[in-house]
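Visitor: please find the sequence and the predicted model below.
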Number of protein chains: 2
Amino acid sequence: MRPLFHPSVEDITVEAILHALSDPVRVAILIEIVGSDCPQSCSSFLEIRNQAIPKSTLSQHLKVLRESGLVRGERKGVEMHNTSRCAEIDKRFPGLITSIVNAHNIQSQTMRPRRRKANADR
Amino acid sequence: MRPLFHPSVEDITVEAILHALSDPVRVAILIEIVGSDCPQSCSSFLEIRNQAIPKSTLSQHLKVLRESGLVRGERKGVEMHNTSRCAEIDKRFPGLITSIVNAHNIQSQTMRPRRRKANADR
DNA sequence: TTTATAGTTCATAAAATCGGAACTAATGAA
DNA sequence: TTCATTAGTTCCGATTTTATGAACTATAAA
């Protein structure tokens, strides 16, 4: 199994961050990681926002979060410890992550019923 | 030709905004629109950041920007007047666009030579 | 050892993106 | 009016990306 890739802070790009956070599942995961005071395992996200995520998909999502620089993943025994790198990112791009997370909170508070995608609630 | 779709402010989503701005060409276009004091035509972006963009691709990019709510497009005679909706968005998601544009500026100031994509400089 | 658990990788199907060619719509000239 | 021009959109095939079940790997515990 190939070792996990983490970009150094100065290689983190805005594009990659925005792309990573343009997916509702991934933002939910990040918000969870940011909000908790201890590292989260991948499997703790198998169900998120009342939605079951297949574990191969979940693995991909965490890879995207890691490789964009948003999350650090460290193998601890059989499981993975996922922690936020937002503090580092905030030094490079002040206010970016905060305003995105903030906007997400506003959005979920003002959510109105929406046309749902074909199979959003499998 | 189908009329242009613009979401109302309360239907604008963070996901759509982030997705729209996760593409370097689209951010460049938005920054251009935001920075100029008069409406910009689509064709003014046929060359952006020293890069030629095919017009079908450009049309798609502007569609993404419009449908995410970032840009308003109004047909004026034979051409299109593209203007920013950032002020509206800022009311709903304070600081979001500003911090993204800001981050992009920081990034382009600190840019170091990077592995380029297969045919980025055609 | 074997078994169990947590994650990753592989293969493939489905969806999104790119860009040339054809099309549409408005304008102006003959 | 008709023709030509200019600005943008739409169509469609090729490429790229994403999603997910199945197979695999790595660690730990029995």
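Guide: Perfect, I can see it now.
Visitor: what residues does the residue nearest the centre of chain A make contact with?
Guide: Centrality entry for chain A: nearest residue to the mean C-alpha point is A:L30, 3.2 Å, by CA atoms, centre = their mean. Contacts for A:L30 were tallied using CB atoms under 8 Å, 6 or more residues apart in numbering or on different chains; they are A:20-21, A:65, A:70-71, A:84, A:101. In this view, the C-beta of every residue, glycine as well, is placed from N, C-alpha and C.
Visitor: turn the residues you listed into TSV, including pLDDT.
Guide: Below are the contacts of A:L30 laid out as TSV (pLDDT from 0 to 100):
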residue	pLDDT
A:A20	98
A:L21	98
A:L65	98
A:L70	98
A:V71	98
A:S84	98
A:V101	97
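Visitor: filter these down to the ones near chain B?
Guide: By CB under 8 Å from any CB of the partner chain, the members of the contacts of A:L30 lying near chain B are A:L21.
Visitor: give me the element the residue nearest to the centre of chain A is part of.
Guide: Secondary structure assigned from DSSP states H and E places A:L30 in helix A:24-35.
Visitor: does that helix reach DNA strand C?
Guide: No. Counting by CB under 7 Å from any atom of the strand, no contacts exist between helix A:24-35 and DNA strand C, the nearest distance being 11.8 Å.
Visitor: how about that helix, which residues are buried there?
Guide: For helix A:24-35, a neighbour-count test (16 or more other CB atoms under 10 Å in any protein chain shown) marks A:24, A:26-34 as buried.
Visitor: can you check stretch A:94-107 too?
Guide: By neighbour count with 16+ other CB under 10 Å, stretch A:94-107 contains the buried residues A:95-104, A:107.
Visitor: using TSV, lay out these together with distance to B:F45.
Guide: Supplementary listing: the buried residues of stretch A:94-107 in TSV, determined by distance: CB to CB, whole Å:
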residue	distance to B:F45
A:G95	28
A:L96	25
A:I97	29
A:T98	31
A:S99	26
A:I100	26
A:V101	31
A:N102	30
A:A103	26
A:H104	29
A:Q107	29
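Visitor: quick one on the thing from earlier: in helices, which of the contacts of A:L30 appear?
Guide: A:20-21, A:65, A:101 (DSSP state H).
Visitor: and those, which of them are buried?
Guide: By 16+ other CB under 10 Å, these give A:20-21, A:65, A:101 as buried.
Visitor: how about TSV for those residues, with distance to A:E88 added?
Guide: Listed next are these as TSV, based on distance: CB to CB, whole Å:
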residue	distance to A:E88
A:A20	15
A:L21	16
A:L65	14
A:V101	16
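Visitor: out of those, the closest to A:E10 would be?
Guide: When those are compared for distance to A:E10 (CB to CB), A:A20 wins out at 17.6 Å.
Visitor: the closest one contacts A:L70, doesn't it?
Guide: Yes. Counting by CB atoms under 8 Å, A:L70 is a contact partner of A:A20 at 5.8 Å.
Visitor: chain A: strands as residue ranges?
Guide: Using DSSP state E, the strands of chain A run over residues A:47-48, A:51-52, A:71-76, A:79-84.
Visitor: deepest of these, which one?
Guide: The highest mean neighbour count among the strands of chain A, using mean count of other CB atoms under 10 Å in any protein chain shown, belongs to strand A:79-84: a mean of 18.
Visitor: low-confidence ranges, chain A, go.
Guide: A:1-2, A:112-122 (pLDDT under 70).
Visitor: what parts of it come near DNA strand D?
Guide: A:1, A:19, A:23, A:53-57, A:60-61, A:75, A:77-78, A:122.
Visitor: in helices, which of these fall?
Guide: Per DSSP H, the subset of the residues of chain A next to DNA strand D in helices is A:19, A:55-57, A:60-61.
Visitor: ok, A:L58 touching A:C42?
Guide: Yes. In this structure, A:L58 is within contact of A:C42 by CB under 8 Å, at 6.0 Å.
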